[in-house]
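Engineer: Quick one, what's the 3D model for this:
(chains A, B, C and D)
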Protein chains: 2
Amino acid sequence: MKSNEIKEAALKYFTIHGYEGASLSLIAEEVGMKKQSIYAHFKGKDDLFLQVLRDAKETELSSKLQYFSKIDSQNPKLDLYGFLQLVIDLFQKNEQLKFWLRMSFFPPAHLAKAIEKEVIDIEDKVQLILESKFQDWIDAKVILGDVSKTPTFAFLGVVDSILLELVYGNDEQRLKDKLEASWTVFWRGISHQ
Amino acid sequence: MKSNEIKEAALKYFTIHGYEGASLSLIAEEVGMKKQSIYAHFKGKDDLFLQVLRDAKETELSSKLQYFSKIDSQNPKLDLYGFLQLVIDLFQKNEQLKFWLRMSFFPPAHLAKAIEKEVIDIEDKVQLILESKFQDWIDAKVILGDVSKTPTFAFLGVVDSILLELVYGNDEQRLKDKLEASWTVFWRGISHQ
DNA sequence: ATATAACTGACGAACGTTCGTTAAATTCGA
DNA sequence: TCGAATTTAACGAACGTTCGTCAGTTATAT
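Structural biologist: Modelled structure (predicted):
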């Protein structure tokens, strides 16, 4: 399917150069066709972009949902650290998460509204799942706290800081160090004793 | 000074639309002149961009250095939380920090090398200062730990997560919640008891 | 003090290039 | 042979940049 090849190349260019900096000519060249041929598969640049965006969203959301559905242990230490590892794997395996992050925080102005809607959709879902997990752990007295909001937000903060390090991403050792440090302090901050 | 007006408008457009998305015509229009007139003050788009970048760097660096120089208390709780507040203030007061962040993480490809150098310069300096502060606090047994690297990286992680929330920045309440949550868990994670 | 020279900032016009997009012609596989 | 995919050709618009020019100001020299 040529459409997928085009979307793959588009993903790459959108991620590196942003919406405005990505040119249809170069995307087409990467696939081995002329830029006008793209219009046989997509209505235009916006259409191509939004399809890439929705693919990336779907990948991220389904990966995370799948992870949460397969863990049902009462071991938050394993489950949460595993989630951090999942995020790192996702980021390093394909470009979609980097693309997603770039467009979440610096969207092309004329598509900001549409993008924001998709972003909020994912964030809400993940946050809701996390909150319920944390509530279970709090009730089981396996982690500290009275409300689930605090550990949820704190954990999301750890995820964000790791993501930022991944985006910056020129130093594998620094990533490991920051992950270890943030995780150690976070875990001590929410566990008993 | 017209040069400063141009840089101000350029900062705004670079921040919102990125390097490629910012056009000299619109920047000039904002100042009330034609794009050709910009060339009387700057050699070209790159020159304008790099001057804006260096201004932003200087603002950020001097603000942080000044903060660290004026605090010399033995109260890490106050000093660290104050630093988070400083970052939030910096971000909300002028656009330079948002511009700085965008270009740190998603630089225009042909200037990536030059930008990275400036970014690393600031990061190293801030990290060094923080490490020495944390070492002092550890030695004074006012916070927990054996090495200063762990709390430093963890704290930098909290800063990053707050920055990300600021960039996302459509929800003041969510920012407060995440700040409080991250800070609470972080502080519990590095303090005795 | 006056005339001249140099400098500054801004301008219209135009450069070549690239952009996204459309239309028509052509190739190619079922 | 029919239809879809790709091409060539061309479009107007915008891009960053260069040029020559022209006021207005400042500095110099007579």
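Engineer: My read is that A:Ile143 contacts A:Phe134, right?
Structural biologist: Yes: judged on Cβ atoms under 8 Å, A:Ile143 makes contact with A:Phe134 at a distance of 7.2 Å. Placement of C-beta: from N, CA and C, glycine included.
Engineer: Need the mean per-residue confidence for the lengthiest helix in chain A.
Structural biologist: Longest helix in chain A by number of residues (criterion: DSSP state H): helix A:112-139. For helix A:112-139, mean pLDDT rounds to 96.
Engineer: what's the helix or strand following that helix packed up against?
Structural biologist: Scanning forward in sequence from helix A:112-139 by DSSP states H and E, the next helix or strand is helix A:149-168. Counting contacts by 3 or more Cβ pairs under 8 Å, 6 or more residues apart in numbering or on different chains; DSSP states H and E, helix A:149-168 packs against helix A:76-93, helix A:96-105, helix A:112-139, helix A:172-190, helix B:96-105, helix B:149-168, helix B:172-190.
Engineer: Let me know the distance separating the residue most central in space within chain A from DNA strand C.
Structural biologist: Nearest to the mean C-alpha position of chain A, by Cα atoms, centre = their mean, lies A:Leu97 at 4.5 Å. Using Cβ to the nearest atom of the strand, to the nearest Å, A:Leu97 is found at 23 Å from DNA strand C.
Engineer: give me phi/psi at A:Gly145?
Structural biologist: Phi and psi for A:Gly145, reported as degrees, to the nearest 10, are phi 130, psi 160.
Engineer: That one touches A:Ile190, doesn't it?
Structural biologist: Yes: counting by Cβ under 8 Å, A:Gly145 touches A:Ile190, with 6.6 Å between them.
Engineer: shared neighbours of the two, anything?
Structural biologist: Common neighbours of A:Gly145 and A:Ile190 (criterion: Cβ atoms under 8 Å, 6 or more residues apart in numbering or on different chains): A:Pro151.
Engineer: returning to that earlier point: list the helices and strands the longest helix of chain A packs on?
Structural biologist: helix A:45-70, helix A:76-93, helix A:96-105, helix A:149-168.
Engineer: Any residue of it touching DNA strand C?
Structural biologist: No: residues of helix A:112-139 are not located near DNA strand C by Cβ under 7 Å from any atom of the strand, the shortest gap being 14.9 Å.
Engineer: Tell me which residues of that helix come out buried.
Structural biologist: Counting neighbours by 16 or more other Cβ atoms under 10 Å in any protein chain shown, one finds that the buried residues in helix A:112-139 are A:115, A:118-119, A:122, A:126-127, A:129-131, A:133-135, A:137-138.
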